[in-house]
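Participant: Just the structure for this:
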Amino acid sequence: MTNVPFLQASAISKIYPGVQSAGVKPTDLHIEPGKITAIIGASGSGKTTLLHLLFGLITPDSGTVYFKGDRVWGPEEKLIPGHDAMKMVTQQTDDMNLFAKVRENISVLLPNTDLDAKHNKTAQIMQQLNMTRIEAKRVADLSGGERQRVAIARALVTQPEVLLLDEPFNQVDTSFREGLQQDIRKVVRETGLTVIMVSHDPAEVLSMADELIVLKDGEILEHGHPKALYQNPQHLYTARLLTNCNVLTRDEAKLCGIAAQQDNVVIYPEWAEPTASFTRKHWLIKQILFKGFFEELVLEQQGVMLRALNARADKYNEGDKVCVKFKKYLEY
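Facilitator: Numbers count the residues shown, from 1 in each chain. A predicted model of the protein is given here:
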């Protein structure tokens, strides 16, 4: 018997006409179960539209979405949009009862047919997401990040097979964001949950996702494991999405000792290694940006600007001249 794909899109499209057409062009897509898949792209690339198509929140202009072999119906065919086996979490938390406690906001989604099971399931979800300390608080008294945890807990308590996250961490403070991301990864490992998320933050997707899908102008440009795409992106667009890289022309690259064959040369800041031990110090340190455990050096030579990382703080001063060795570069 042929294995039925878990979640599959076949030639789906949704175009919003205008001066610049937006949306998703005819696209084929296969989502693997039990993994976190992140959809990334520039603003207007069609990320959220694709997520809504997979959920059944909007009806495609063409093509079909299948979940375990069954069609995912859109709002024109289904009274309440969205597939029953999926839950979506966005940045909005308007559907919560602000004056009820956290525990009540989560448990209200479970039936009252078995109160012990309802209590235990609510407690389990709060423990998985490290929420026991806020369970007695009113939602109105929570921070934006805490409300986002509640929204995710409300989505998970009914045990969906797919969790869709649309820019879920925008309102979460940086200090708590990584903890929430790792809690979601833990839930995925423990339950086999499938997560599909939209994000604009490279740090988010690189540390959290198992698979990246890169969208450009409504089309899938490339996809793969985050580490593989980061180290060897096939397109300049992807490299720019995933890191604040240096992009040089072929002539500018000659100043780095690089004889490029293609028009553009990409150098990640961590691939540029400044050193003061060589006599040929052509790069002037224009600015030093403190980043905590490392520094980012803004270098200049003959009008060409370059960013490089320095792991040894206070080694250099602005105005110093250095030699730069390049460990790797990419051509496009």
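
Participant: doesn't Trp283 make contact with Pro274?
Facilitator: Yes: Pro274 lies in contact with Trp283 (C-beta atoms under 8 Å); the separation is 7.1 Å. (Glycine included, C-beta is placed from N, CA and C.)

Participant: Return the distance of Ala140 relative to Leu330.
Facilitator: The gap separating Ala140 from Leu330 is 50 Å, by C-beta to C-beta, to the nearest Å.

Participant: Which segments of this protein make up each domain?
Facilitator: Domain assignment for the chain by automatic domain parsing gives 7-241, 245-331.

Participant: so how far is the first one from its chain's centroid?
Facilitator: This points to domain 7-241. Offset of domain 7-241 from its chain centre (C-alpha atoms, centre = their mean, to the nearest Å): 10 Å.

Participant: And the strands in the stretch 101-250 of the chain?
Facilitator: 162-166, 194-198, 211-216, 219-224, 246-249 (DSSP state E, counting those that start in this stretch).

Participant: and the fourth one, which residues are buried?
Facilitator: Buried residues in strand 219-224, defined by neighbour count with 16 or more other C-beta atoms under 10 Å: 220-224.

Participant: Show me what the one helix or strand Lys87 maps to is packed up against.
Facilitator: Using DSSP states H and E, Lys87 sits within strand 86-89. Secondary structure elements in contact with strand 86-89, counted by 3 or more C-beta pairs under 8 Å, 6 or more residues apart in numbering; DSSP states H and E, are helix 47-55, helix 144-156, strand 162-166.

Participant: check contacts around the closest residue to Gln234 other than its chain neighbours.
Facilitator: Of all residues not flanking Gln234 in the chain, Glu222 sits nearest, at 5.1 Å (C-beta to C-beta, 6 or more residues apart in numbering). Contacts of Glu222 were listed using C-beta atoms under 8 Å, 6 or more residues apart in numbering, and they are 214, 229, 233-235, 238.

Participant: just Pro226 next, same as before
Facilitator: 38, 205-206, 209-212.

Participant: Now it: closest residue in space, sequence neighbours ignored.
Facilitator: Using C-beta to C-beta, 6+ apart, the closest residue to Pro226 is Leu206 (4.8 Å).

Participant: Quick check: the gap between the one you found and Ile31.
Facilitator: Applying C-beta to C-beta to Leu206 and Ile31 gives a distance of 19 Å.

Participant: and if you look at Asn246?
Facilitator: Asn246 sits at a distance of 34 Å from Ile31 (criterion: C-beta to C-beta).

Participant: Who has more neighbours out of those two?
Facilitator: Between Asn246 and Ile31, counted using other C-beta atoms under 10 Å, the more crowded position is Asn246 (23 against 19).

Participant: just to revisit the earlier point, looking at the contacts of Pro226, which is nearest Arg154?
Facilitator: The shortest approach to Arg154 among those belongs to Ala38, at 21.8 Å (C-beta to C-beta).

Participant: wait, is that closest one part of a helix?
Facilitator: No: secondary structure of Ala38 (DSSP: H, G, I helix; E, B strand; the rest coil): strand, not part of a helix.

Participant: Could you pull up the residues touching it?
Facilitator: Counting by C-beta under 8 Å, 6+ apart, Ala38 has contacts 196-199, 204-205, 208-209, 211-213, 226.

Participant: Quick check: it vs Met88, distance?
Facilitator: For Ala38, the distance to Met88 - C-beta to C-beta - is 15 Å.

Participant: Kindly report the same for Thr64.
Facilitator: For Thr64, the distance to Met88 - C-beta to C-beta - is 19 Å.

Participant: okay, those two: which has more neighbours?
Facilitator: Comparing Thr64 with Met88 by other C-beta under 10 Å, the one with more neighbours is Met88, at 23 against 14.

Participant: how many other residues sit next to the nearest residue to the more buried one once chain neighbours are set aside?
Facilitator: Excluding the flanking residues, the one nearest Met88 by C-beta to C-beta, 6+ apart is Leu164, at 4.3 Å. By other C-beta under 10 Å, the residues close to Leu164 number 25.

Participant: returning to that earlier point: now render the helices and strands packed on strand 86-89 as JSON lines, adding mean pLDDT.
Facilitator: Shown next, in JSON lines, are the helices and strands packed on strand 86-89 (pLDDT from 0 to 100):
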{"stretch": "helix 47-55", "mean pLDDT": "97"}
{"stretch": "helix 144-156", "mean pLDDT": "92"}
{"stretch": "strand 162-166", "mean pLDDT": "97"}
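
Participant: Same list (those) but as CSV, adding distance to Thr122.
Facilitator: As requested, these are exported to CSV (distance: least, C-beta to C-beta, whole Å):
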stretch, distance to Thr122
helix 47-55, 25
helix 144-156, 8
strand 162-166, 17
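
Participant: For Glu300, which of these is the nearest?
Facilitator: helix 47-55 (35.5 Å).

Participant: what's in contact with that closest one?
Facilitator: Outside helix 47-55, the residues touching it (C-beta under 8 Å, 6+ apart) are 7, 9, 12, 14, 16, 22-24, 27, 29, 31, 39-41, 58, 60, 65, 72, 81-83, 86, 88, 164, 166, 196, 198, 215, 218.

Participant: quick check: angle from it to strand 211-216?
Facilitator: When axes from the mean of the first three to the mean of the last three C-alpha atoms, to 10 degrees is applied, the directions of helix 47-55 and strand 211-216 differ by 120 degrees.
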